[in-house]
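> Prediction below, plus the sequence it came from.
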Amino acid sequence: MELQKMNGHSRDDGFDALESMAERDEFLPHKSGGKKEAHFTDFEGKTSFGMSIFNLSNAIMGSGILGLAFAMSNTGIILFIILLVFIAILSAYSIHLLLRSAGVVGIRAYEQLGNRAFGHPGKMLAGCIITVHNIGAMSSYLFIVKSELPLVIQAFLGKHENTGEWFLNGNYLIMIVSAAIILPLALMKQLGYLGYTSGFSLSCMVFFLISVIYKKFNIPCPLDEDHHNLTEIAADFTIHNGTDDSCEAKLFTINSQTAYTIPILAFAFVCHPEVLPIYTELRDATKKRMQTVANISILAMFVMYLLTALFGYLTFYVAVESELLHTYSRVDPLDTLILCVRLAVLVAVTLTVPVVLFPIRRAVLQILFPEKPFHWARHICIAVCLLIIVNLLVIFVPSIRDIFGLIGATSAPSLIFILPGIFYIRIVPEEQEPLLSRPKIQAACFAAVGFIFMIMSLSFIIIDWVTGEARSGGGH
């Protein structure tokens with residue numbers, strides 16, 4: 001057997017050779033009556049290398065970028081950079097595990113990897129986690145549209161307050177945005193077609209980053225007394241900490257909020273449901289080529305995250321709020337540049353929603369219609385139903401923060417750490433990688449880290465609920 005001959009060479013060389021064989025054949029044939037097994041993703045990719053980078057970068061880039069300056073204020077600059085590097089490397093390694101597993105069996109669908117590893121329960125588990133996580137992500141983006149778009153329209157119209165017109169109602173606006181912008185993009189047959197909108201979305205976030213850097217040199221510290229809201233925040237910090245260093249950058253900081261930073265950063269790099277769909281549609285797809293797409297995307301987002309957090313923090317220091325744009329608005333509500341930035345962020349999150357919708361539709365198709373060929377009616381119906389569900393969530397759930405927190409605490413560690421690790425251990429044959437080999441031990445440790453993240457995140461949420469109830473029960 002060629003597989004056994006490979007074992008005479010280094011294990012990694014043999015493994016790469018096996019993967020290249022699989023990729024030359026597009027998908028490995030399986031023993032099913034002597035004919036090749038049909039796969040959901042069995043078609044030739046046509047998306048260019050650059051467009052694939054745009055799509056994956058857009059999938060990584062989330063609304064969490066607005067909270068990174070606040071995260072840095074709770075860790076200090078050096079500790080934040082260490083954590084950011086650590087999470088970025090782990091995310092790249094996680095994608096490496098997914099691609100290796102896909103290369104062994106010739107399958108480029110997350111749900112089918114679950115099926116190969118654990119049978120139908122594994123397929124259902126992967127599909128459900130992807131669906132729940134991405135519905136949460138879509139809802140968070142539309143929540144930004146619901147809260148920010150009325151304020152932007154109000155500012156452009158020169159109104160000082162919301163006077164109740166229908167076009168200033170966030171519920172109506174998200175329905176209009178969903179029907180007019182998101183749905184047509186979500187009806188594209190292939191994810192690769194969204195490369196152009198993803199590129200434009202990323203351009204909007206680059207504009208946001210440039211504005212954050214520019215504002216660093218235009219907002220004084222300490223803030224003028226006119227900006228009393230933020231001055232009070234800094235003063236409150238001084239009272240509680242007994243120091244007057246509200247304009248001093250901290251290199252290392254440990255406080256009650258520091259523990260939340262690790263989950264926030266981990267969630268900032270979640271793009272794993274989109275990796276295999278993008279891999280499927282990549283032109284001349286190989287594991288090495290897709291890993292390069294992933295590495296470039298992660299590096300680009302790492303730089304954007306770091307610069308946004310750094311300059312946002314160095315602008316406001318202890319006065320920075322959990323939502324960076326809100327902090328700028330409190331300094332000068334009528335600032336034209338910040339108004340344009342808010343509009344750019346709205347465009348960016350709106351154009352990200354269709355990219356996030358594709359893996360949910362794929363998961364639904366894998367669970368409900370695994371053997372059915374592509375059909376436009378089914379394709380359109382699932383997209384419409386998903387958008388209706390997300391719109392209803394955003395409209396009728398008044399405080400969805402805790403629900404999203406619970407979803408994020410379970411789905412994000414599963415998608416980044418747990419599932420790629422256990423899929424790798426189960427799928428890679430023991431002839432290639434024995435159970436006690438270094439790569440499989442690393443994968444097992446990686447999955448264990450995911451369980452630790454999950455337990456930590458859930459613990460923080462439960463403690464928050466308990467202490468919050470205690471505070472409210474105390475008559476405050």
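Noted; the coordinates are in hand. Numbering: from 1, shown residues only.
> Tell me how far Q154 lies from E165.
According to CB to CB, to the nearest Å, Q154 stands 9 Å off from E165. Every C-beta, even on glycine, is put in place using the N, C-alpha and C of the backbone.
> Neighbour count: these two, which is higher?
Neighbour count, other CB atoms under 10 Å: between Q154 and E165, Q154 has more, with 17 against 13.
> Which other helices and strands does the one helix or strand that one maps to contact?
Under the criterion of DSSP states H and E, Q154 resides in helix 120-156. Secondary-structure packing of helix 120-156 (3 or more CB pairs under 8 Å, 6 or more residues apart in numbering; DSSP states H and E): helix 110-118, helix 170-177, helix 272-281, helix 336-368, helix 376-396, helix 401-413, helix 419-427.
> among these, which is nearest L98?
helix 419-427 (4.9 Å; CB to CB).
> Show me what the closest one is packed up against.
With contacts taken as 3+ CB pairs under 8 Å, 6+ apart, helix 419-427 sits against helix 77-105, helix 110-118, helix 120-156, helix 438-473.
> Put together CSV for the ones you listed, with distance to I416 on each row.
Output for those, formatted as CSV (distance: least, CB to CB, whole Å):
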stretch, distance to I416
helix 77-105, 5
helix 110-118, 12
helix 120-156, 10
helix 438-473, 7
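> what's the nearest residue to the residue nearest the centre of the chain if we skip its chain neighbours?
Closest residue to the average C-alpha location of the chain: V270 at 3.7 Å, with CA atoms, centre = their mean. The shortest distance from V270 to any non-neighbouring residue, by CB to CB, 6 or more residues apart in numbering, is to A412 (5.1 Å).
> so what pLDDT did the one you found get?
On pLDDT, A412 comes in at 81.
> Can you name the residues that contact it?
The contact partners of A412, by CB atoms under 8 Å, 6 or more residues apart in numbering, come to H133, P263, A266, F267, V270, F453.
> That one and S91, how far apart?
According to CB to CB, A412 and S91 sit 11 Å apart.
> swap in C221?
33 Å.
> SS state for L334?
What DSSP: H, G, I helix; E, B strand; the rest coil gives for L334 is coil.
> what's around the residue lying closest to it once chain neighbours are set aside, how many residues?
Nearest non-adjacent residue to L334, counting by CB to CB, 6+ apart: A155, 7.1 Å away. For A155, the count of nearby residues is 19 (other CB under 10 Å).
> Ok, the one 5 residues further on next?
The local packing count at H160 equals 9, with neighbours defined by other CB under 10 Å.
> Wait, a strand at it?
No - H160: not assigned to a strand; according to three-state DSSP it is coil.
> Need the phi and psi values for it.
The phi/psi pair for H160 (degrees, to the nearest 10) reads phi -90, psi -20.
> now the one 3 residues further on
For T163, the backbone dihedrals are phi -100, psi 10 (criterion: degrees, to the nearest 10).
> hmm, back to that, possible to save the helices and strands packed on helix 419-427 as a markdown table with mean pLDDT?
Output for the helices and strands packed on helix 419-427, formatted as a markdown table (pLDDT from 0 to 100):
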| stretch | mean pLDDT |
| --- | --- |
| helix 77-105 | 90 |
| helix 110-118 | 87 |
| helix 120-156 | 87 |
| helix 438-473 | 80 |
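> Nearest to K46, out of these?
helix 77-105 (18.7 Å).
> now the contacts of A412 in TSV, with distance to N55?
Formatted as TSV, the contacts of A412 follow (distance: CB to CB, whole Å):
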residue	distance to N55
H133	18
P263	25
A266	21
F267	19
V270	15
F453	26
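> buried subset of these?
Neighbour-count burial (16 or more other CB atoms under 10 Å) is assigned, among the contacts of A412, to H133, P263, A266, F267, V270, F453.
> Now do the contacts for the first one.
Contacts of H133 were listed using CB under 8 Å, 6+ apart, and they are V270, P273, I407, G408, S411, A412, L415.
> from the residues you listed, which is closest to A344?
Distances from A344 to those, taken by CB to CB, are shortest for V270, at 22.5 Å.
> so the closest one touches S414, yeah?
No - contact criterion CB atoms under 8 Å: V270 and S414 do not qualify, at 10.1 Å.
> coming back round to it: what's the separation between the residue nearest to L334 and V145?
Relative to V145, A155 is positioned 15 Å away (CB to CB).
> again with K215
From K215 over to V145 (counting by CB to CB), the distance is 23 Å.
> Between those two, point out the one with more neighbours.
V145 (25 against 20).
> Could I get the contacting residues of that one?
G170, L173, I174, V177, L346, V349, T350.
> Now do the same contact list for the first one.
Just to be clear, that refers to G170. Residues in contact with G170 (CB under 8 Å, 6+ apart) are V145, K146, S147, L149, P150.
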